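Undergrad: using only what follows, build the 3D model:
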Amino acid sequence: MSFRNENRLLVDSVNPRGWAGLSSKSPSIPFQMQARLIPHKFRFKSPGDLVKTIMTTIDSNSSGESFLYFDDIITEDDFEMIEKELKAAQLRTVVRFTSENPLNATILRIKAGLGYNIVAQDLYTEIVFKIASIPGHSRHSISPVGATRFLVPGVRSKQGDQGVQPINRVGMDSWPSLIIEVGCSETHELLRLDAEWWLFNSECRTRFFIIATISRDPLHLRIECWKMSPPATGTVYPFLPQCTHDFNIDSAGVVTSSLGSTELLIPYDCIFDHSSSVTQPIILTFPELSLLANKMFRFL
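TA: Residues are numbered from 1 along each chain as shown. Model (predicted):
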């Protein structure tokens, strides 16, 4: 099956007309499940009040990761004011927003520790080097995606940590093809729901999602790779978000995998939209993952 036809099948299977008949796999479900796991819930009053709550949260958890839930509508004008106040407080790089308009709610993810950004940047850089090594490609074959808000118009929106998109994507189709999100081990389940959000709501424009979670005591890095895949058991949906590779790296740099993964492999067509005579995948071997983790551990 060609990638174009397979992509059409994915879109049809995960986004049928109006999502009629969907229940536990509705695109709003990852948001709702995250909301249930978040203990800190607030009512949105004003941009200034929200930013003060963020600052208080960071003061109480200066090296960790926090999720906050805000009830009530945050308008586009509110978002603009929040952005300005976060930049003025030098906090813009540590906050990510996910909004669900039908639920009149927003989830904030706050990453206060330096280590998270280093891990995301190192993973991103390694992937860019691998892409540049593919015949006919260079680092200019893709564009970086940071904390941009991506919209399902009128319904929901989300910001990611770090990602890439092929350079042919513009306008409405400018979603990232790959996303990297990094957090602490205590929020791992919340990040898995982030993976589901991106894979469901992007209509197959986001095709690969990497989760990296850090534990400091003992020092440990876990990496999971998620994409739309045929489910192992019978279901009405031919494709669902699933973890296809996992890697556990301890403080000595020893890499193991509970799923039996032997390398981190990103298929060519999970990055690029167009076929090529050279469809070389991006591969990170166990020794490369070990070197990457040991470099990261020095900053934690």
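Undergrad: from here on, contacts and neighbour counts on C-alpha atoms
TA: Noted.
Undergrad: what is the neighbour count of the closest residue to residue 65 other than its chain neighbours?
TA: With sequence-adjacent residues excluded and distances taken as C-alpha to C-alpha, 6 or more residues apart in numbering, residue 65 is closest to residue 111, at 4.6 Å. Counted with other C-alpha atoms under 10 Å, residues neighbouring residue 111 total 26.
Undergrad: how about residue 111, what does it touch?
TA: Contacts of residue 111 were listed using C-alpha atoms under 8 Å, 6 or more residues apart in numbering, and they are 63, 64, 65, 66, 94, 95, 183.
Undergrad: tell me the domain boundaries of this structure?
TA: 3-12+114-297, 38-112 (automatic domain parsing).
Undergrad: now the strands for the stretch 51-200 of the chain?
TA: Under the criterion DSSP state E, counting those that start in this stretch, strands of the stretch 51-200 of the chain are mapped to 65-71, 95-100, 105-111, 142-145, 149-152, 156-159, 162-166, 178-184.
Undergrad: so which residues make contact with stretch 43-59?
TA: 66, 70-74, 78-79, 81-82, 85-86, 110, 112.
Undergrad: make it 6 Å
TA: Contact with stretch 43-59 is made by 70, 71, 72, 82, as judged by C-alpha atoms under 6 Å, 6 or more residues apart in numbering.
Undergrad: show me what counts as buried in it.
TA: For stretch 43-59, the buried set under the neighbour-count rule, 16 or more other C-alpha atoms under 10 Å, comprises 44, 47, 50, 51, 54, 55, 57, 58.
Undergrad: among those residues, name the ones in helices.
TA: 47, 50, 51, 54, 55, 57, 58 (DSSP state H).
Undergrad: pLDDT score assigned to residue 20?
TA: On pLDDT, residue 20 comes in at 27.
Undergrad: then residue 83?
TA: Model confidence at residue 83, given as pLDDT, is 91.
Undergrad: quick one: the longest helix along the chain to strand 162-166, angle?
TA: Determined from DSSP H, the single longest helix within the chain is helix 114-132. Inter-element angle recorded for helix 114-132 and strand 162-166: 20 degrees (by axes from the mean of the first three to the mean of the last three C-alpha atoms, to 10 degrees).
Undergrad: hmm, who's touching helix 114-132?
TA: The contact list for helix 114-132 (C-alpha under 6 Å, 6+ apart) reads 138, 139, 182, 282, 299, 300.
Undergrad: over to stretch 215-224?
TA: Contacts of stretch 215-224 (C-alpha under 6 Å, 6+ apart): 185, 210-214, 245-251.
Undergrad: go again with 7 Å.
TA: Surrounding stretch 215-224, the residues in contact under the criterion C-alpha atoms under 7 Å, 6 or more residues apart in numbering are 184-185, 210-214, 243, 245-251, 293.
Undergrad: quick one: end-to-end length of that stretch, please.
TA: 14 Å (C-alpha to C-alpha, to the nearest Å).
Undergrad: stretch 208-222 now?
TA: 17 Å.
Undergrad: so for it, what gets flagged as buried?
TA: Residues 208, 209, 210, 211, 212, 213, 214, 220, 221, 222 are the ones in stretch 208-222 that count as buried (16+ other C-alpha under 10 Å).
Undergrad: what sits closest to residue 166 if chain neighbours are left out?
TA: Going by C-alpha to C-alpha, 6+ apart, residue 166 has residue 142 as its nearest residue, at 4.4 Å.
Undergrad: quick one on the thing from earlier: which one of the buried residues of stretch 43-59 sits closest to residue 102?
TA: residue 44 (15.6 Å; C-alpha to C-alpha).
Undergrad: what distance do you get for the closest one to residue 96?
TA: 16 Å.
Undergrad: mean pLDDT for the strands of the stretch 51-200 of the chain: which is lowest?
TA: Of all these, the minimum mean pLDDT falls on strand 149-152 (a mean of 82).
Undergrad: quick check, distance from it to the centre of its chain.
TA: Centre-to-centre, strand 149-152 and its host chain are 13 Å apart (C-alpha atoms, centre = their mean, to the nearest Å).
Undergrad: make CSV out of the buried residues of stretch 208-222 and add distance to residue 153, pLDDT and secondary structure.
TA: As requested, these are exported to CSV (distance: C-alpha to C-alpha, whole Å; pLDDT from 0 to 100; DSSP: H, G, I helix; E, B strand; the rest coil):
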residue, distance to residue 153, pLDDT, secondary structure
208, 22, 96, strand
209, 22, 96, strand
210, 25, 97, strand
211, 26, 96, strand
212, 29, 94, strand
213, 31, 92, strand
214, 34, 90, strand
220, 39, 94, strand
221, 36, 95, strand
222, 34, 96, strand
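Undergrad: I'd say residue 213 and residue 183 touch.
TA: Yes - between residue 213 and residue 183 there is a contact under C-alpha atoms under 7 Å: 4.8 Å.
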